[in-house]
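Q: build me a structure from this.
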Amino acid sequence: MIEILLPFTIAVLALLVIPGPDMALVVANGAAYGTRGAFFSSLGISSGGLLLAFITAIIVATALSINARLLMVIQIFGCLYLLYIALITILPRASGDLAHHNAAPSTGNLFFRGVITNISNPKALIFFTAFIPQFIPETAAHPPLFAFALGAFLCLVGFVGNFTFGVAGTMFSGFNRIAFLGRSWAQWVIFIVFLAIALMFGVQLLFL
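A: Residues are numbered from 1 along each chain as shown. Model (predicted):
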């Protein structure tokens, strides 16, 4: 087992330090909402990863592919949701109540945004289904279960790494007092991050 887990862990850690949408999200939420934002965003991202690990296990078990059109519809809705989050973060509310506008999202919202960010990535499922099976030994008694276990381990390592990056982002929380055009620094960061992720995923969908 160690001969599989060791190279798998090294590969996961190497991939984890590459900047991407997950890292951008947890750092931005850490800066905007503190440790709570970093924790529940990271938890949401890993939970989305568990869903992808489960789908990967099904694919390994059945040797079938997921309906591409259904997957694309889910990812398009995910991109639209991320775009919606970007817009409501920066656009004025009808009430004009800035204090209400600056209110931090609930724990559930932070978690859900993490899940959506993960499963909306058009390359995420491709990565899971291409990366994990390479580490399943031919002698594995239950390959689908082995695939899910590797995926769950990947999500665990990813959670620790993302949360660490998110906590590092809290060091920038002091900038929240800086305002521009009636919006805090944190709001602008959240807007830019979610807008960039939505546009990036949208472009990827066009070329899949």
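
Q: going forward, measure contacts and count neighbours with C-alpha atoms only.
A: Will do.

Q: in this structure, where's the longest helix?
A: helix 21-62 (DSSP state H).

Q: any idea how far that one is from the chain center?
A: Helix 21-62 sits 4 Å away from the centroid of its parent chain (C-alpha atoms, centre = their mean, to the nearest Å).

Q: could you pull out the strands in this protein for me?
A: Taking DSSP state E as the test, the strands found in the chain are 179-180, 183-184.

Q: circling back to that earlier point, what is the mean pLDDT for the longest helix of the chain?
A: For helix 21-62, mean pLDDT is 91.

Q: pLDDT below threshold where in this protein?
A: Where the chain drops to pLDDT under 70, the residues are 1-2, 63-68, 70-71, 92-103, 172-185, 208.

Q: which parts of it are helices?
A: Counting by DSSP H, the segments of the chain that form helices are 2-16, 21-62, 68-90, 98-101, 107-119, 122-131, 143-169, 185-206.

Q: quick check: buried residues in the third one?
A: The neighbour-count check on helix 68-90 (16 or more other C-alpha atoms under 10 Å) flags 75-76, 78-83, 85-87, 89-90 as buried.

Q: I'd like those laid out as a markdown table, including distance to residue 206.
A: Shown next, in a markdown table, are the buried residues of helix 68-90 (distance: C-alpha to C-alpha, whole Å):
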| residue | distance to residue 206 |
| --- | --- |
| 75 | 11 |
| 76 | 10 |
| 78 | 15 |
| 79 | 12 |
| 80 | 14 |
| 81 | 17 |
| 82 | 17 |
| 83 | 16 |
| 85 | 22 |
| 86 | 21 |
| 87 | 22 |
| 89 | 26 |
| 90 | 27 |
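
Q: and for residue 7, the neighbour number?
A: Residues within reach of residue 7, counting by other C-alpha atoms under 10 Å, total 12.

Q: what about the nearest residue to residue 188 once chain neighbours are set aside, distance to residue 195?
A: Leaving aside its chain neighbours, residue 188 sits nearest to residue 90 (6.9 Å; criterion: C-alpha to C-alpha, 6 or more residues apart in numbering). Distance, residue 90 to residue 195, using C-alpha to C-alpha, to the nearest Å: 11 Å.

Q: re earlier: which one of the buried residues of helix 68-90 sits closest to residue 142?
A: residue 75 (30.0 Å; C-alpha to C-alpha).

Q: surely the closest one and residue 122 touch.
A: Yes. Counting by C-alpha atoms under 8 Å, residue 75 touches residue 122, with 6.7 Å between them.

Q: excluding its backbone neighbours, what's nearest residue 86?
A: Closest to residue 86 by C-alpha to C-alpha, 6+ apart is residue 191, at 4.4 Å.

Q: ugh, typo on my part, it should be residue 46
A: residue 155 (4.9 Å).

Q: and for residue 122, the neighbour number?
A: By the criterion of other C-alpha under 10 Å, residue 122 has 23 neighbours.
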